[in-house]
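Novice: Build me a structure from this.
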Amino acid sequence: MDNIGIIGAGAFGTAMAAVARRAGRKVTIWAYEPEVVHDINTNHVNSAFLKGVDQKGEPLDPDIRATGDLGEVCANDAVFVAVPAQHLRRVVADAAQHWRPGVPIMTCSKGVELDSCKLMVEVVKDCLGEQAPIACMGGPTFAIEIARGLPASATVACADLAVAEALAAAIMSPVFRGYVTTDIIGAQLAGAVKNVLAIACGVVLGRGLGDNARAALVTRGIAEMTRLGLVLGAEPKTIMGLAGLGDVALTCNAMQSRNFSFGYELGQGKTVEQILAGRGKTVAEGYFNARSVTELARRNQVDMPICLAVEAVLDVGADLDSIIHGLLSRPLTTE
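Specialist: From the prediction side, this is the model:
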């Protein structure tokens, strides 16, 4: 896999381009916006989505090439997709006409599709059928840090272990380490649920409820993630690995997380509409995942009170203090 195509030139897609290039791959990245293509090719920056990659000098490796042609980015040895979860189906459906059978695709999107409640790999399979081996990547990976070459690790999951190993090897470098698994359900689900938990943890900080409350919420949130995962066929070790616990530890404790900062602003008293209006082009996936994850839980009869609480605040405007009181007043139970 010497040639890597990346669909999506948002913050994470651009960061993955930097990761793949650092691993010695030839990288082509597709951007929807012509101005982003020009910015990357001419100025070697992505000022719209990922500013200040390298504070010491050249923001992006000049050999990273951008294109607005989906056919061009699909003509590679492997293709990574890093677009917002709710746009994944449309983008991959557009790419399908250019797909060469057998070329692996790895989704870096973290979420559950609204309405269908399908995980990202299922969405990709709907679009590509049996044309391609499908993988996903998860783990604690803030875009700006991996773009800058700070040490990080991630999980690559695929039903075909050999494909997972090949994809992980294609992006490994002295500062980026991959681990592999065949538990593609666990790796995907963990990434979606942690988005919702990060909003809840942001609310705890914004409301001034303390570190004890946040630690308890994280612990019970992982229990919710595990319950749903087991019903869907995930392995507990995946939930407790990089894709689950690792990602939760990162995004539930850092203002750099879009989901955590979203929750913090909620806790500070801002309305959902005010927060969304101030976000510009950036997407807090947990805003959508709160609805899709809880619907997935309802369909599978799994109790997820924390995720349900976040959904109630975001979707029906439930009073935040009443929701917090309700969580604290739940009946006594075993752990």
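Novice: hey, let's count contacts and neighbours off CA atoms from now on
Specialist: OK.
Novice: residues making contact with whatever helix or strand Ser322 lives in?
Specialist: Using DSSP states H and E, Ser322 maps to helix 320-328. Residues from elsewhere that reach helix 320-328, judged by CA atoms under 8 Å, 6 or more residues apart in numbering: 267, 305-306, 309, 313.
Novice: just checking, which of those residues belong to helices?
Specialist: Cross-referencing the contacts of helix 320-328 against helices under DSSP state H gives 267, 305-306, 309, 313.
Novice: Could you export the helix holding Ser322 as CSV, CA atoms only?
Specialist: Output of helix 320-328 as CSV, limited to C-alpha atoms (Å, rounded to 0.1, in the frame of the first residue of the first chain):
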residue,chain,number,x,y,z
LEU,A,320,-30.4,20.3,32.5
ASP,A,321,-30.7,20.4,36.2
SER,A,322,-33.8,18.1,36.2
ILE,A,323,-31.9,15.7,34.0
ILE,A,324,-28.9,15.7,36.4
HIS,A,325,-31.3,15.2,39.4
GLY,A,326,-33.0,12.3,37.5
LEU,A,327,-29.7,10.5,36.9
LEU,A,328,-28.7,10.9,40.6
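Novice: one step back: save the contacts of helix 320-328 as TSV, and put in pLDDT and distance to Ser109 too.
Specialist: Output for the contacts of helix 320-328, formatted as TSV (pLDDT from 0 to 100; distance: CA to CA, whole Å):
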residue	pLDDT	distance to Ser109
Gly267	94	26
Pro305	94	24
Ile306	95	22
Ala309	94	24
Val313	93	24
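Novice: Let me know the closest of these to Gly246.
Specialist: Each of the contacts of helix 320-328 was checked against Gly246 using CA to CA; the closest is Ile306, at 19.0 Å.
Novice: For the ones in helices among the contacts of helix 320-328, work out which two are farthest apart.
Specialist: Pairwise distances across the ones in helices among the contacts of helix 320-328 peak at 18.1 Å for Gly267 and Pro305 (criterion: CA to CA).
Novice: And these two? Which one has more around it.
Specialist: Higher neighbour count among Gly267 and Pro305: Gly267, with 23 against 16, using other CA atoms under 10 Å.
Novice: In this structure that one contacts Ala200, no?
Specialist: No - with contact defined as CA atoms under 8 Å, Gly267 does not reach Ala200; the gap is 9.1 Å.
Novice: nearest residue to Ser47 other than its sequence neighbours?
Specialist: Of all residues not flanking Ser47 in the chain, Asp39 sits nearest, at 7.3 Å (CA to CA, 6 or more residues apart in numbering).
Novice: which residues of the stretch 51-200 of the chain fall in helices?
Specialist: Assigned helices in the stretch 51-200 of the chain, in chain order: 70-74, 88-96, 120-128, 143-147, 161-171, 184-206 (criterion: DSSP state H, counting those that start in this stretch).
Novice: okay if I get those as TSV plus mean neighbour count and mean pLDDT?
Specialist: As requested, the helices of the stretch 51-200 of the chain are exported to TSV (neighbours: other CA atoms under 10 Å; pLDDT from 0 to 100):
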stretch	mean neighbour count	mean pLDDT
helix 70-74	22	96
helix 88-96	18	96
helix 120-128	21	97
helix 143-147	20	93
helix 161-171	20	97
helix 184-206	28	95
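Novice: Of all the ones you listed, which one comes closest to Ala17?
Specialist: Closest approach to Ala17 among those (CA to CA): helix 143-147, 8.2 Å.
Novice: Show me what the closest one is packed up against.
Specialist: Here helix 143-147 is seen to pack against helix 11-22 when contacts are counted using 3 or more CA pairs under 8 Å, 6 or more residues apart in numbering; DSSP states H and E.
Novice: ok, so of the contacts of helix 320-328, who is nearest Val124?
Specialist: Distance to Val124 across those (CA to CA) is lowest for Ile306, with 28.7 Å.
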